[in-house]
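Participant: all I have is the shape, not the residue letters:
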């Protein structure tokens, strides 16, 4: 009888030990699996953050593209109106009168004063006119540079006129660079006349 009890106790001890070892193994397995899942979750979270950042960047690009598209449409509309318009009069801002700085599109105080008076006249005469702002340069320098400079000067006038209340969609700019001189580029006085911005008013 004692042998049976001893055998039973021994068997119970072995079972308890096995269960204890199994419990330890199970806890270790769970910890390992939780660790793996946690790493995967962190990786997924990083991917989500990256995706959100990419979407944000795309959203910004789309907004900028939309703004550019609107401006392009406004200019195209203005260009169409100019093509259909009737010439009323024009104003010339030449270097000999408003002193455009060399290789610069900055408007001098003299140019700003004349443009201010011109804007006041437009507002007093007719709000529904269209402006073609032409940029011209002398023949000094490379042709691509002169085309760029002519556009920058015309754009400077356009932005200044807008600050005076003239709607941007009623103005269009074009650069002729050195292509349309009004005087001989061989003389200093002639070059000064060729460096100019012409504002054409159309109904």
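Facilitator: Yes, it's here. Predicted model, so just to flag it, every value in this text is computed and none were measured.
Participant: which ones are touching the nearest residue to residue 194 once chain neighbours are set aside?
Facilitator: In space, residue 194 comes closest to residue 138 once its chain neighbours are excluded; the distance is 4.2 Å by Cβ to Cβ, 6 or more residues apart in numbering. Using the backbone N, CA and C atoms, a C-beta is placed for each residue, glycine as well. Counting by Cβ atoms under 8 Å, 6 or more residues apart in numbering, residue 138 makes contact with 146, 178, 181, 185, 190, 191, 192, 194, 195.
Participant: can you check residue 199 too?
Facilitator: With the criterion set at Cβ under 8 Å, 6+ apart, residue 199 makes contact with 90, 91, 92, 93, 118, 131, 132, 133, 134, 157, 161.
Participant: do you know how far it is from residue 124?
Facilitator: With distances taken as Cβ to Cβ, to the nearest Å, residue 199 is found 16 Å from residue 124.
Participant: which helix or strand contains the residue nearest to residue 194?
Facilitator: Residue 138 is part of no helix or strand when elements are defined by DSSP states H and E.
Participant: ok, now how distant is it from residue 120?
Facilitator: Applying Cβ to Cβ to residue 138 and residue 120 gives a distance of 30 Å.
Participant: cool, residue 192 as well?
Facilitator: According to Cβ to Cβ, residue 192 and residue 120 sit 27 Å apart.
Participant: over to residue 137?
Facilitator: Using Cβ to Cβ, residue 137 is found at 28 Å from residue 120.
Participant: these two: which has the busier surroundings?
Facilitator: Higher neighbour count among residue 137 and residue 120: residue 137, with 29 against 12, using other Cβ atoms under 10 Å.
Participant: please name the nearest non-neighbouring residue to the more buried one.
Facilitator: For residue 137, ignoring the flanking residues on the chain, the nearest one in space by Cβ to Cβ, 6+ apart is residue 146 at 4.2 Å.
Participant: from memory that neighbour sits against residue 176, does it?
Facilitator: No: checked against Cβ atoms under 8 Å, the pair residue 146 and residue 176 is beyond contact range at 9.1 Å.
Participant: pick out whichever of these two has more residues nearby.
Facilitator: A count of neighbours by other Cβ under 10 Å puts residue 146 above the other of residue 146 and residue 176, at 24 against 18.
Participant: residue 152: helix or strand, and which one exactly?
Facilitator: Using DSSP H and E, residue 152 maps to helix 143-163.
Participant: in that helix, which residues are buried?
Facilitator: Buried residues in helix 143-163, counting neighbours by 16 or more other Cβ atoms under 10 Å, are found at 146-158, 160-161.
Participant: quick one: find the helix or strand in the chain with the lowest mean pLDDT.
Facilitator: Here the helix or strand of the chain ranked lowest by mean pLDDT, DSSP states H and E is helix 2-84, holding a mean of 55.
Participant: next SSE after that one?
Facilitator: Sequence-wise, the next helix or strand downstream of helix 2-84 (DSSP H and E) is strand 87-94.
Participant: thanks again, I'm all set now.
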